[in-house]
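Participant: compute the structure for the input listed below.
(one chain, ligands or ions: 1)
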Amino acid sequence: MSKVESTVATQVAVPGGGSLLAKGLNAGYGKIAVLHDISLQVAAGESVALLGANGAGKTTFLRTVSGLMRPTSGRIELGGEDVVRCSPTQILRRGMAHVPQGRQIFGGLSVRENLLLGCRLRTDKAAIKEELEYMLEVFPALAQKIRQPAGDLSGGQQQALAIARALMSNPSLLLLDEPSLGLAPRLVDDLCQMLSRIRDDRKMGMLVVEQDTLLALELTERAYVLQRGEIIMTGRSAELASDPAVVYAYLGGGPEG
Ligand code: ATP
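Facilitator: Residues are numbered from 1 along each chain as shown. Got it, this is the predicted structure:
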């Protein structure tokens, strides 16, 4: 382990923190009900995938648990604490960071400024400096372009920046919405390696929403399958990935597809 890695890793303590529990969650847009009685759990430090076809409700679930939408009913607990009425900022303070679909980086700001926005709630300057060094080590392409406007980055680099920015808050649980969307296969492999490294270095939990089923199953220990707003299946990722019938029937493509 490098010096930067070991310093950052020792700052991260997740005893019981970082666990997410959604119980009987219902949510939607106005009168349109999208999520129906969802129960889903991510233990502290665990990696979990939420899979499903277009429109199944994956983004709606992430938006609801991260405080961007209010559920119509149900419980959301973070580290055992009820957060159903918390704002996105309060949820971020409690250690859950969300990388939204579409990256939402600030193209007119530099790469460095974007990264620093990720730790706007932190005041520990020395730790922020170490965090920045760690991010630039994990994402070397960002180090090379640190002073450039983020809008000049390639799609893969922008995705790396969006993830690194969320990590700058030092979360105990990271929500990722379609991290591979729009990336070439080689970049998806790179991203997968970076995410695995960060997860292992930080002992951080991850909840990954992906349409690239096999990628998500490779990155995670357990998975849930969402269909039309309902959880229709859950199991160990390795078992789901090695069951072609499951992949074909529920996830839109076999191992070849
Ligand atoms: P995708 O991968 O396409 O984003 P998803 O599984 O994340 O799919 P959601 O984006 O959560 O699905 O959408 C679930 C349902 O909610 C869809 O029927 C969608 O049309 C609807 N929906 C999403 N956003 C809104 C909105 N702002 N207002 C009304 N309906 C919405």
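Participant: give me the low-pLDDT residue ranges for this structure?
Facilitator: Filtered on pLDDT under 70, the chain yields the residue ranges 1-17, 245-257.
Participant: for it, which segments count as strands?
Facilitator: Using DSSP state E, the strands found in the chain span residues 20-29, 32-42, 47-51, 73-78, 81-82, 96-99, 173-177, 205-210, 222-227, 230-236.
Participant: centre of the chain to the last one, how far?
Facilitator: When distances are taken as CA atoms, centre = their mean, to the nearest Å, strand 230-236 is centred 19 Å away from the chain's centroid.
Participant: list the residues that contact Arg112.
Facilitator: Contacts for Arg112 (CB atoms under 8 Å, 6 or more residues apart in numbering) come out as Leu132, Ile146, Arg147. Just so you know, the C-beta spots here come from the backbone N, C-alpha and C atoms, and that holds for glycine as well.
Participant: format those residues as a markdown table; extra columns: distance to Pro88 and neighbour count.
Facilitator: Formatted as a markdown table, those follow (distance: CB to CB, whole Å; neighbours: other CB atoms under 10 Å):
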| residue | distance to Pro88 | neighbour count |
| --- | --- | --- |
| Leu132 | 23 | 21 |
| Ile146 | 27 | 13 |
| Arg147 | 29 | 9 |
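Participant: out of the residues you listed, who's nearest Gln90?
Facilitator: The closest of the contacts of Arg112 to Gln90 turns out to be Leu132 (CB to CB; 24.6 Å).
Participant: show me the helices in the stretch 101-250 of the chain, by range?
Facilitator: Using DSSP state H, counting those that start in this stretch, the helices of the stretch 101-250 of the chain run over residues 111-117, 125-138, 140-144, 155-167, 185-202, 213-219, 237-241, 244-251.
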